[in-house]
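J.: please work out how this folds:
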Amino acid sequence: MVKYLEFFVENRIATIVLSRPDSYNSFNQKLRKELRSVLMKIEEDPEVLIVLLKGKGKGFSAGADLNEPFPPPISEHLEVEYKPIFEMIIKSRLLFISVVHGSAAGISSALAMVCDFMIMGKDAKISLIFSNIGLVPDGGATWLLERAMGYKKALEVIVEGKHISAEECLKFGLANKIVDEKDLDHEAKKWASSLSKRAPLAFSASKKLLRKVSSIDYVSSFHEEAKLQDKMSISKDFFNARTAFLKKQKPIFEGK
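T.: Take a look at the predicted model:
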């Protein structure tokens with residue numbers, strides 16, 4: 001029985017709520033295990049296209065639960081307990097939207113940033129406070145920050161243990177949208193609903209391409225696009241959308 005997560009699917013949108021509000025939704029072992037289980041479940045559900053990931057209570061998440069021991073080496077803990085979660089998100093056919101209010105701190109900052117999209121409340125922040133307790137960022141946060149902000153700004157944020165405001169997240173491309181916090185849930189659902197009506201095969205393929213192209217050159221990117229275009233161009237979705245376009249109608253996508 002799920003204890004630390006709230007989870008439901010409605011209209012092709014899965015909503016996952018981190019639900020340890022008394023601990024600012026910090027990640028203990030049970031929460032990590034439940035999240036991995038839910039991610040595997042929704043990946044196999046053909047009815048799900050979009051995932052909203054959010055936190056209950058005052059904020060998104062405080063990161064790792066420091067009340068739990070971290071037996072050395074901590075690298076093994078990160079590789080076994082956290083890495084599968086992040087890999088499932090980046091390799092998923094689904095589009096993930098992190099919905100951030102309050103603060104996303106510690107490793108949950110990386111979790112919020114690694115999602116495909118992020119929508120934030122105006123007063124929300126990404127908190128890179130690792131150095132305040134003598135640690136370096138984890139969860140791939142350095143990779144995400146360096147690519148968004150560049151070396152100098154990313155290092156400043158990390159070394160000084162700074163909070164990145166919603167406005168700064170938008171400026172650096174870490175966030176896609178900022179809304180009033182009172183409208184955050186409504187706007188997140190509205191956006192997810194709009195995305196769910198887009199072409200599933202095309203957005204999954206586009207996600208795959210963009211996750212890959214930063215590590216390959218231009219010609220290789222051209223080649224990867226061409227290979228995926230082979231699959232897209234013989235899909236039922238493309239045939240139906242092309243027909244709808246010629247008839248000046250709105251296409252309906254089935255993911256086939």
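J.: okay, CA-based contacts and neighbour counts for the rest of this
T.: Noted.
J.: could you measure from residue 238 over to residue 147?
T.: 33 Å (C-alpha to C-alpha, to the nearest Å).
J.: looking at the two, which is more packed in?
T.: Neighbours were counted for residue 238 and for residue 147 using other C-alpha atoms under 10 Å; residue 238 has more, 20 against 14.
J.: for stretch 15-24, how far is the first residue from the last?
T.: 18 Å.
J.: for residue 95, what are its contacts?
T.: 49, 50, 51, 115, 116, 117, 203, 204, 207 (C-alpha atoms under 8 Å, 6 or more residues apart in numbering).
J.: and the last one, helix, strand or coil?
T.: Each residue gets one of three states, and residue 207 gets helix by DSSP: H, G, I helix; E, B strand; the rest coil.
J.: how many neighbours does it have?
T.: If we define neighbours as other C-alpha under 10 Å, then residue 207 has 17 of them.
J.: and it, what does it touch?
T.: 93, 95, 116.
J.: any idea how far residue 246 is from it?
T.: 27 Å.
J.: can you map out the helices along the stretch 101-250 of the chain?
T.: Along the stretch 101-250 of the chain, counting by DSSP state H, counting those that start in this stretch, helices occupy 107-114, 141-149, 151-159, 166-171, 184-196, 200-213, 218-233, 236-246.
J.: among these, which is nearest residue 135?
T.: helix 151-159 (9.9 Å; C-alpha to C-alpha).
J.: is the residue nearest to residue 195 when sequence neighbours are not counted in a bridge, and if so with what?
T.: Closest residue to residue 195 apart from its sequence neighbours, by C-alpha to C-alpha, 6 or more residues apart in numbering: residue 50 at 7.4 Å. Note on residue 50: beta-bridge partners residue 13, residue 95, judged by DSSP bridges.
J.: now residue 8
T.: Here residue 8, judged by DSSP bridges, has bridge partners residue 15.
J.: residue contacts, it?
T.: 14, 15, 16.
J.: where in the stretch 101-250 of the chain is pLDDT low?
T.: Judged by pLDDT under 70, the stretch 101-250 of the chain has no weakly predicted residues.
J.: now do 90
T.: 133, 214-215, 232, 236-250 (pLDDT under 90).
J.: surely residue 198 touches residue 251?
T.: No - taking contacts as C-alpha atoms under 8 Å, residue 198 lies outside contact range of residue 251: 9.1 Å.
J.: how is this protein divided into domains?
T.: 5-196, 200-246 (automatic domain parsing).
J.: of those domains, flag the one that's most buried.
T.: domain 5-196 (a mean of 19; mean count of other C-alpha atoms under 10 Å).
J.: and it, how far apart are its ends?
T.: OK, domain 5-196 end separation, C-alpha to C-alpha: 23 Å.
J.: look up how far residue 203 lies from residue 239.
T.: From residue 239 over to residue 203 (counting by C-alpha to C-alpha), the distance is 16 Å.
J.: nope, residue 127 is what I meant
T.: From residue 127 to residue 203 the distance is 30 Å (C-alpha to C-alpha).
J.: with residue 173 instead?
T.: Applying C-alpha to C-alpha to residue 173 and residue 203 gives a distance of 19 Å.
J.: residue 213 too?
T.: On the measure of C-alpha to C-alpha, residue 213 and residue 203 end up 15 Å apart.
J.: ok, residue 23 - contacts?
T.: 62, 65.
J.: quick check: pLDDT value at it.
T.: Predicted confidence (pLDDT) for residue 23: 95.
J.: three-state assignment of the nearest residue to residue 198 once chain neighbours are set aside?
T.: Take residue 198 and drop its neighbours on the chain: the residue closest to it by C-alpha to C-alpha, 6+ apart is residue 253, 6.8 Å away. Here residue 253 is coil, with the state taken from three-state DSSP.
J.: I'd assumed residue 242 was in contact with residue 235.
T.: No - in this structure, residue 235 is not within contact of residue 242 by C-alpha under 8 Å, at 10.9 Å.
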